[in-house]
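In: one predicted model, sequence on top.
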Amino acid sequence: MEDGKPVWAPHPTDGFQLGTITDIGADTLTIEPLNQKGKIFLAPMNQVFPAEDDVNKHVDDNCSLMYLNEATLLNNVRVRYSKDHIYTYVANILIAVNPYFDIPKLYGPDAIKSYQGKSLGTLPPHVYAIADKTYRDMKVLKMSQSIIVSGESGAGKTENTKFVLRYLTTSYGSGQDIDERIVEANPLLEAFGNAKTVRNNNSSRFGKFVEIHFNSKNAVVGGFVSHYLLEKSRICMQSNEERNYHIFYRLCAGASEDLKKKLHLDSPDNFRHVKTGALKDPLLDDHGDFNRMCEAMKKIGLNDTEKLDLFRVVAGVLHLGNIDFEETGSSSGGCVLKNQCNDSLQYCADLLGLDQDDLRVSLTTRVMLTTAGGAKGTVIKVPLKVEQANNARDALAKAVYSRLFDHVVKRVNQCFPFETSSNFIGVLDIAGFEYFEHNSFEQFCINYCNEKLQQFFNERILKEVGLLFTKILSGLNVTILWLMDKYLTFPDLVEAKLTGILDILDEENRLPQASDQHFAQAVHSKHKDHFRLTVPRKSKLTVHRTLRDDEGFIIRHFAGAVCYETIRFVEKNNDALHMSLESLVCESKDKFVRELFENSNTSKDSKQKAGKLSFISVGNKFKVRVTVKGSFLIVRKSP
Ligand SMILES: Nc1ncnc2c1ncn2[C@@H]1O[C@H](COP(=O)(O)OP(=O)(O)OP(=O)(O)O)[C@@H](O)[C@H]1O
């Protein structure tokens, strides 16, 4: 840092502020802010960085800055964002800042045309440039390529994913129906898999990997969508300012009177599974979105019967949620349906093709086969307590809706079939990093996936840079030492066999007296001195400091520390549906519902046969291995 020249020094809210150094201490520097003369402050020496000569000038590529440090990189992105240049390169990685408004002409047909066949850097940074580079790499290298879109929730991942798909199908499509279908599949997927959250009115609550397939002449021939881990807990419960999946509200708002009558639908206020969250949002147009979704369904080739099948099951889940139980008061314990729920039971049973009485019995009892004593293999019906029946009802709702979502994705895939393909371009868009005042199992799973992706990113980039350095420095006697311990400690905390948080939780689920408190205690005792884990009372926020050690834990993620409240972790980690309910839906009179549960292997599970409510771990389904080749796109929320 040169004498008298401006530097970037830490700022409590803005990240960094410009100032000059007025004094130098042993470990600190005295800084005088440029815009607040005389208001000097001390800053740690390693957090003060040299500034560019002209801080208002910006460059397309962060690598072209004279000084490369956190402050200059951020400032460049900020200056560009203020001029509506939302994209910035870091070599062949693209940073995108969410503008939250439509920037005129940024994505129009002319823009698409202008980026076709152009090398990265020829034109201003753009998501189209990344898409085109990926396409050219696929063509030249004759290898499939992938783009990873990463960023916190609401950063713009899904929007940019859609721009990539639109660009590739428009530029390199075969000009047939299929190009449009690949793009039009999104409104349908989003209707069933997206929801309003505190951070994003259209938040993806599932991960997807969209492949666009090309023939030997490098023209689009079809597509394929893989989906991961729909957030099931949302189907039965949402926090105050959030909503359930869009489709529930859209159907209530947009269905014709005739359809509403058929499905016994009225306002969402009348359905337990949707009324817990925010019902109305002035920015959401459920009626209009219903019509847009129906239009998209038509474009991708869904007929009226298929549409009705989907809507029928959605309505069935809504009515199921309205079934309530009360104690029988008899000595055998158990519960019965409340009288006022008989209509809901009937509607749910009719819409899902179930026998009303069978549904009633399956919700309030579970079937067990005796395994010891008396006549082994005798079927007995065990009455459920109110809480157990509530859990059974919610487990059924989650199972039916998630099977429906699987079907939607499968049906979407049938809309752009291809017989053979030479290569594909894949775009990975997973639910983004989340951090709220209260964070639960859902945030833990989502953030874990994001952490894995970040880890892959770090390893890949460091490896590439390492190889480059090794090449440059070969011949010189230099050892390259990578300080990666901070990244490497994450997997053993979460994934390690037996001692990782996911295995500790599974172990808890298997205990006869499983409890959230015991789980949290086990996490702390097994990772007492782990760099990434600490107890809630060490949080910087008062709200977390009130939690006891057995009520939560803090994980230091790559994107910041998050305090997880462990209440209901055990319950949320269990995906099992008891045998009576599973067999009931598997044998539905309704062909569509029956098919949703085809290949349902849980019904054949031996533990289920023994009559136990088996445990199916949700957390374990999140254990991921990311092995992708290709380009990166990092999206950021606007400052
Ligand atoms: N490039 C853009 N231009 C205009 N608006 C945008 C752009 N990117 C994002 N937005 C706005 O921001 C909202 C949130 O973006 P998006 O849904 O893509 O976020 P996300 O990163 O996928 O979030 P999540 O992880 O919650 O799914 C969009 O609904 C849109 O209104």
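Out: Great, that's in hand.

In: C-alpha only now, for contacts and for neighbours.
Out: Fine.

In: now the helices for the stretch 501-639 of the chain?
Out: Taking DSSP state H, counting those that start in this stretch as the test, the helices found in the stretch 501-639 of the chain are 501-510, 516-526, 542-545, 569-572, 579-586, 591-596, 606-609, 618-621.

In: please tabulate those in CSV, including the columns mean pLDDT and distance to Leu34.
Out: Putting those into CSV (pLDDT from 0 to 100; distance: least, Cα to Cα, whole Å) gives the following:
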stretch, mean pLDDT, distance to Leu34
helix 501-510, 94, 48
helix 516-526, 97, 46
helix 542-545, 92, 34
helix 569-572, 89, 50
helix 579-586, 89, 68
helix 591-596, 96, 65
helix 606-609, 42, 70
helix 618-621, 73, 50
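
In: let me know which of those is the nearest to the ligand.
Out: helix 618-621 (19.0 Å; Cα to the nearest ligand atom).

In: mind giving me the packing neighbours of the closest one?
Out: In terms of contacts (3 or more Cα pairs under 8 Å, 6 or more residues apart in numbering; DSSP states H and E), helix 618-621 is packed against helix 501-510.

In: now what about the helix it packs on, what contacts it?
Out: For helix 501-510, the surrounding residues in contact (Cα atoms under 8 Å, 6 or more residues apart in numbering) are 493-498, 514-515, 518-519, 522-523, 569-570, 573-574, 615, 617, 619-620.

In: ChimeraX command to pick out the buried ones of those residues?
Out: In ChimeraX, this line selects whichever of the contacts of helix 501-510 come out buried by 16 or more other Cα atoms under 10 Å:
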select :493,494,495,514,515,519,522,523,569,570,573,574,615,617,619
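
In: and the ligand, is stretch 414-428 touching that?
Out: No - Stretch 414-428 is not in contact with the ligand by Cα under 6 Å from any ligand atom; minimum separation 10.9 Å.

In: the nearest residue to Lys538 once chain neighbours are set aside: neighbour count?
Out: Once flanking residues are discounted, Lys538 sits nearest to Arg545: 6.6 Å by Cα to Cα, 6 or more residues apart in numbering. Neighbourhood size, Arg545 [other Cα atoms under 10 Å]: 15.

In: how about the one 10 residues further on?
Out: As a burial measure, Ile555 scores 22 neighbours (other Cα under 10 Å).

In: bridged to it, which residues?
Out: Here Ile555 sits in beta bridges with Leu533, Val562, as judged by DSSP bridges.

In: list the buried residues of stretch 424-435.
Out: Phe424, Ile425, Gly426, Val427, Leu428, Asp429, Ile430, Ala431, Gly432, Phe433, Glu434, Tyr435.

In: what's the spacing between the third one and Thr161?
Out: What that stands for is Gly426. Note on Gly426: its distance to Thr161, by Cα to Cα, to the nearest Å, is 10 Å.

In: can you list the residues of the stretch 51-200 of the chain near the ligand?
Out: Contacts of the stretch 51-200 of the chain with the ligand, taken as Cα under 6 Å from any ligand atom, map to 98-102, 152-159, 200.

In: which of these tops the neighbour count?
Out: Within those, most neighbours by other Cα under 10 Å means Lys157, with 28 neighbours.

In: what sits against that one?
Out: Counting by Cα under 8 Å, 6+ apart, Lys157 has contacts Val149, Ser150, Gly151, Asp429, Val635.

In: and the first one, which of the three is it?
Out: In other words, Val149. Here Val149 takes the strand state, with states given by DSSP: H, G, I helix; E, B strand; the rest coil.

In: other SSEs contacting the helix or strand containing Tyr448?
Out: Here Tyr448 sits within helix 441-473, counting by DSSP states H and E. Helix 441-473 sits against strand 560-565, with contacts defined as 3+ Cα pairs under 8 Å, 6+ apart.

In: what is the mean pLDDT for the strand it packs on?
Out: Strand 560-565 carries an average pLDDT of 94.

In: what does stretch 5-12 give?
Out: Computed over stretch 5-12, the average pLDDT equals 92.

In: in this protein, which residue is most central in space?
Out: With distances taken as Cα atoms, centre = their mean, the residue of the chain nearest its centroid is Ala431 (2.0 Å).

In: touching, it and Cys445? I think so.
Out: No - between Ala431 and Cys445 there is no contact under Cα atoms under 8 Å: 10.0 Å.

In: dump the residue contacts of Gly288.
Out: Gly254.

In: for it, phi and psi?
Out: Here is the backbone geometry of Gly288 (degrees, to the nearest 10): phi -60, psi -40.

In: pLDDT at it, what is it?
Out: We have a pLDDT of 96 for Gly288.

In: any idea how far Met368 is from it?
Out: Relative to Met368, and taking Cα to Cα, Gly288 is found at 48 Å.

In: on that earlier part again, buried sites along the helix holding Tyr448?
Out: So for helix 441-473, counting by 16+ other Cα under 10 Å, buried means 441-457, 459, 466.

In: on that earlier part again, and the two most separated of the residues of the stretch 51-200 of the chain next to the ligand?
Out: Taking Cα to Cα as the measure, those span a maximum distance of 20.2 Å, between Asp102 and Glu152.

In: low-confidence ranges, the stretch 351-500 of the chain, go.
Out: 369-377, 465-466, 468-489 (pLDDT under 70).

In: quick one, what contacts the residue in the stretch 401-550 of the chain that the ligand sits nearest to?
Out: Nearest residue of the stretch 401-550 of the chain to the ligand, counting by Cα to the nearest ligand atom: Gly432, 3.6 Å away. Contact analysis of Gly432 by Cα under 8 Å, 6+ apart lists Ser150, Gly151, Glu152, Ser153, Gly154, Ala155, Ile446, Asn447, Asn450.

In: would you list those in TSV and tack on distance to Leu584?
Out: TSV is the format used below for the contacts of Gly432 (distance: Cα to Cα, whole Å):
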residue	distance to Leu584
Ser150	41
Gly151	42
Glu152	40
Ser153	38
Gly154	39
Ala155	42
Ile446	32
Asn447	36
Asn450	37
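
In: who in the stretch 201-350 of the chain is up against the ligand?
Out: By Cα under 6 Å from any ligand atom, the residues of the stretch 201-350 of the chain that approach the ligand are Asn202, Ser203, Ser204.
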